[in-house]
Every structure is written in structure tokens, then in C-alpha cells.
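Chemist: below are the sequence and a predicted model; questions follow.
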Amino acid sequence: MRTPVNGRTLRQHFTYNWWKYLLVIACGIFLVDLLFTVTAPRTPDDKKVEFYVYGYADIDRVSAYMEKVREQEMPGMQEMIANQILPDNSYGPMQLITYLAAGEGDLYLLPREEFLSVSSDGAFVALEDDQELMDFFTARGLDLRRGWRTDSNGETHLVGIPESFLPGLAAYCQAGDGDGFLCIPPNGGNIENTLTFLHILCRDMITAPEPAPETEKAESSD
């Protein structure tokens, strides 16, 4: 004998089975989200450059600069963007290690302490064989010895460009107290183009920005 469907039986049914409907809805949302994540278009690693800043960053301004570089000098890239790692003493280091382990980010600006800690594990690309980059700083009398580090295998390489050599960078971002280093992780998937961007960044940021004219300062103070 079939149970009649009426208001009383429906209430009784939902009283004991409501969780099943919530479970079905939750599973449906999860599956839709998973499907979107899997099928969403992704920029190939060799067609993007991601710049991670551990510290202060005007992300919109940095990303606008990178987009300008992409349009004018690196048109082969589909995407060039900046991201920020907040310098939180508890969460920041964990986030940094997670990103590096996952191969996220192509270029990093790290505070001195994090740079020294991570570089000892051989976590960054050696830069001393990039003669163009070496000549760029040598011609300006800038000694890169602070960026040389000895890894756990006993090998010594140039793995960081001192932030202090690039005063123009302070208008966009800064690591810690300005004593940070630019470095390239080996598993970002786009080392060649990241090096190209690093050359451009050094060229553009080697000089401090022009001070605002006195007239502009007077107007801003009014």
C-alpha cells in the first residue's frame, strides 16, 4: 500500500530527509565549480610573466607598468601581472614557501631575511652567466656581491639583484625597508621571458623618478 502524498507526509519526509537535499545541492555546487575550474581558459606558462612582491606594493600601478612593457616590448606575452604577498610574520613566510613549491610566480621581490633564508636552499636561478645583465651593473660601478649566495651544495651563484640599486622601484613597490632582492625561481615555467622583463625593469628603475616641479608641489599643498 502506497503512502498517500499530502501535507502531513511531506512535512514528515522533509523532517527526516532535509539533509539529503542539502547534500545534493552542495555536491551540485562543488561539481559546477570544479567543472568551471578545469575548463576555464588558462594562459600558458610561457606566455605570461607574474611578478610577486613580498611587502608594500601599489599593485594596480605595477600591473599597469607591466602591461605597458607587454604592449611595447614583449608583445609575445599574453599576460603580465603583479601580485602581493603581505609581510605578515606568521602567514607571509608560509604563503611564500607555498607559492615557490607550487611553481607560482616568475619574478620575486623579497625582503633580505626571506631572500637569505630561501636562497640557501638553491631556490633561485643563477644570474652570473647573463652577461648583458652583468655588464649593465658593472658599467654603472655597481657591485652585485650582495646578491651572491652559497647554496646547500656548496656552490656560489649570483641569485639576487639588490633592490637598493633600483631607486625607481620604490615608487611602485618595496620589500621590507628597501633592502630586498629581485630573484627568479627555477620552476616558474618562463625563465627566458622573465629574464627579458628583468632587464627592462632594471633599465627603467636604475634611476629615481624625477621630483615633482615646484609649481605642482605648491598646487598639491593648496
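Modeler: Structure's in. What do you need? Please read these numbers as outputs of a predicted model, since none were measured by experiment.

Chemist: how about the helices in this protein?
Modeler: Listed in chain order, the helices of the chain (DSSP state H) span 7-39, 59-72, 92-102, 112-119, 131-138, 191-205, 214-221.

Chemist: buried residues in the fourth one, which are they?
Modeler: Buried residues in helix 112-119, counted by 16 or more other Cβ atoms under 10 Å: 112, 114-115, 118-119. In short, each C-beta sits where N, CA and C put it, glycine included.

Chemist: next one: stretch 61-74
Modeler: So stretch 61-74, judged by 16+ other Cβ under 10 Å, has buried residues 62-63, 65-66, 69-70.

Chemist: quick check, nearest of those to Met77?
Modeler: Met77 lies nearest to Arg70 out of the buried residues of stretch 61-74, by Cβ to Cβ, at 5.0 Å.

Chemist: got the contact list for the closest one?
Modeler: 49, 77, 79-80 (Cβ atoms under 8 Å, 6 or more residues apart in numbering).

Chemist: if we go to 6 Å?
Modeler: Contacts for Arg70 (Cβ atoms under 6 Å, 6 or more residues apart in numbering) come out as 77, 80.

Chemist: Cys173 too?
Modeler: Contacts of Cys173 by Cβ under 6 Å, 6+ apart are 53, 57, 62.

Chemist: what's the distance between it and Thr138?
Modeler: Distance, Cys173 to Thr138, using Cβ to Cβ, to the nearest Å: 25 Å.

Chemist: so the residue most central in space within the chain bridges to which residues?
Modeler: Residue closest to the average C-alpha location in the chain (Cα atoms, centre = their mean): Tyr52, at 2.2 Å. Note on Tyr52: beta-bridge partners Asn83, Tyr108, judged by DSSP bridges.

Chemist: hmm, Gly105 and it touching each other?
Modeler: Yes: Tyr52 lies in contact with Gly105 (Cβ atoms under 6 Å); the separation is 4.0 Å.

Chemist: looking at the buried residues of helix 112-119, point me to the pair that's furthest apart.
Modeler: Spatial extent of the buried residues of helix 112-119 (Cβ to Cβ) is set by the pair Arg112 and Val118 at 11.2 Å.

Chemist: for beta bridges, what are the partners of Ala57?
Modeler: Cys173.

Chemist: what about it, how many residues nearby?
Modeler: 22 (other Cβ atoms under 10 Å).

Chemist: likewise for Leu110?
Modeler: Residues near Leu110, counting by other Cβ under 10 Å: 26.

Chemist: would you agree Ile184 is in contact with Thr194?
Modeler: Yes: judged on Cβ under 6 Å, Ile184 makes contact with Thr194 at a distance of 5.4 Å.
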